[in-house]
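S.K.: pasting the sequence and the predicted coordinates here, then a few questions.
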Amino acid sequence: MKAVFHHSNDDPELHARVVGNIANLLDDETIDIEAVALVANSGGLELLKATSQQREQIMDLIDRGVTAKQCSNTIEGTDVSEDDLIEGVELVSSGVGELTRLQNEGYAYINP
Amino acid sequence: MKAVFHHSNDDPELHARVVGNIANLLDDETIDIEAVALVANSGGLELLKATSQQREQIMDLIDRGVTAKQCSNTIEGTDVSEDDLIEGVELVSSGVGELTRLQNEGYAYINP
Amino acid sequence: MKAVFHHSNDDPELHARVVGNIANLLDDETIDIEAVALVANSGGLELLKATSQQREQIMDLIDRGVTAKQCSNTIEGTDVSEDDLIEGVELVSSGVGELTRLQNEGYAYINP
């Protein structure tokens, strides 16, 4: 099974929750997980910046096979560029487009 | 592909985000979008009232083919009627029923 | 059709909304509902504790066929045990695993 986590909030407590939720899914031995994605847009950008409090945990999740995707629209017109993101994070054309595409491919949607 | 946006919050910042998210999906040239719906319930009602700060943008989205749907339960027992909504907004029996129906028809779910 | 409600917030207003949303779906005569589940994790735990303000309503929903599921990870390491939950609530290995499994079985996802 596959799941995509959607994160759009800049509340620091929610950053920790998203990271914890994804780890919980990977750790759940009762379910066979093929693929997990994280899509950030709006305030969710803070979680995927290199300055993120959860940088180590995000890198661990990427090491475990999670694909982390940042919406390009969110950083357009800001001084944030791809270089400011955690290494391994991919830019996608739009977060909402990616969420639509992944669900169309059979990913379950989870908004922590 | 098809997507339904669910909006249930009366935070003005979120009204703007929902509208921006839907426009971003329509503008994303990397994805072939057949249909987009917006379902409002609870505090999301404020976005679809004729007095909404985002009235012009909602009308633009409807012009671009988005179907905007307001939950009847939310306005039941209030002094808001269909006439108080932005022109073109449809009333649905329940927001949650509509969200279930649309996902059953293959719409991806997005809660901005 | 089938739907799963995801509740992860400890805002008392949202507890009431979740319960109301589920009742609205069951009451919607325009849609044929086979199964409804509620999955609580993070702050959503408060809704499913025996001390919950919505205890009676949750018991009514369970009587009407709703399955209420509490994430085990949320209570791990706390002094809350299964005995502290409303009677009839089931513990699941992880809330996010259950949300993935149910969507894979065709449940629509709703985050009130």
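M.R.: Right, received. Where do you want to start? This one's a predicted model, so the numbers in the text were calculated from it and none came from an experiment.
S.K.: any idea how far C:Val96 is from the residue in chain A sticking out farthest from the centre?
M.R.: Distance from the centre of chain A peaks at A:Thr30, with 22.8 Å (CA atoms, centre = their mean). The gap separating A:Thr30 from C:Val96 is 12 Å, by CB to CB, to the nearest Å. (C-beta placed from N, C-alpha, C; glycine too.)
S.K.: okay, now the closest residue in space to A:Glu29 that isn't next to it in sequence: neighbour count?
M.R.: In this structure, A:Glu29 finds its nearest non-sequential neighbour in C:Ser93, 7.5 Å apart by CB to CB, 6 or more residues apart in numbering or on different chains. C:Ser93: 17 surrounding residues under other CB atoms under 10 Å in any protein chain shown.
S.K.: what does the one 10 residues further on give?
M.R.: A count of neighbours around C:Gln103, defined by other CB under 10 Å, yields 24.
S.K.: which residues are in contact with the residue nearest to A:Glu29?
M.R.: A:28-31, C:72 (CB atoms under 8 Å, 6 or more residues apart in numbering or on different chains).
S.K.: check contacts around A:Glu98.
M.R.: Taking CB under 8 Å, 6+ apart, one finds A:4, A:37, A:39, A:69, A:71, A:92 in contact with A:Glu98.
S.K.: what helix or strand is it located in?
M.R.: A:Glu98 is located in helix A:95-104, with elements delineated by DSSP states H and E.
S.K.: average pLDDT across that helix?
M.R.: For helix A:95-104, mean pLDDT is 98.
S.K.: spatially nearest residue to the residue farthest from the centre of chain A (excluding sequence neighbours)?
M.R.: Closest to A:Thr30 by CB to CB, 6+ apart is C:Ser93, at 4.4 Å.
S.K.: please apply the same query to A:Cys71.
M.R.: Nearest non-adjacent residue to A:Cys71, counting by CB to CB, 6+ apart: A:Gly95, 3.2 Å away.
S.K.: residues in chain A within reach of chain C, list them.
M.R.: A:1-3, A:17, A:20-22, A:24-25, A:27-31, A:33, A:106, A:108-112 (CB under 8 Å from any CB of the partner chain).
S.K.: buried ones among those residues?
M.R.: The neighbour-count criterion (16 or more other CB atoms under 10 Å in any protein chain shown) marks A:1-3, A:17, A:20-22, A:24-25, A:28, A:31, A:33, A:108-112 among those as buried.
S.K.: in strands, which of those fall?
M.R.: A:2-3, A:108-110 (DSSP state E).
S.K.: what backbone torsions are found at A:Ser72?
M.R.: Main-chain torsions, A:Ser72, degrees, to the nearest 10: phi -70, psi -30.
S.K.: surely it touches A:Glu90?
M.R.: No: applying CB atoms under 8 Å, one finds A:Ser72 not in contact with A:Glu90, separated by 10.2 Å.
S.K.: looking at those two, which is more packed in?
M.R.: When A:Ser72 is set against A:Glu90 and neighbours are counted by other CB under 10 Å, the residue ahead is A:Ser72, at 17 against 14.
S.K.: who are the contact partners of the more buried one?
M.R.: A:91-94.
S.K.: swap in A:Leu45?
M.R.: A:10, A:70-71, A:74-75, A:80.
S.K.: can you list those residues in CSV and add neighbour count and distance to B:Met59?
M.R.: Formatted as CSV, those follow (neighbours: other CB atoms under 10 Å in any protein chain shown; distance: CB to CB, whole Å):
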residue, neighbour count, distance to B:Met59
A:Asp10, 13, 29
A:Gln70, 27, 31
A:Cys71, 27, 25
A:Thr74, 22, 25
A:Ile75, 19, 29
A:Val80, 16, 32
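S.K.: among those, which lie within strands?
M.R.: A:70-71.
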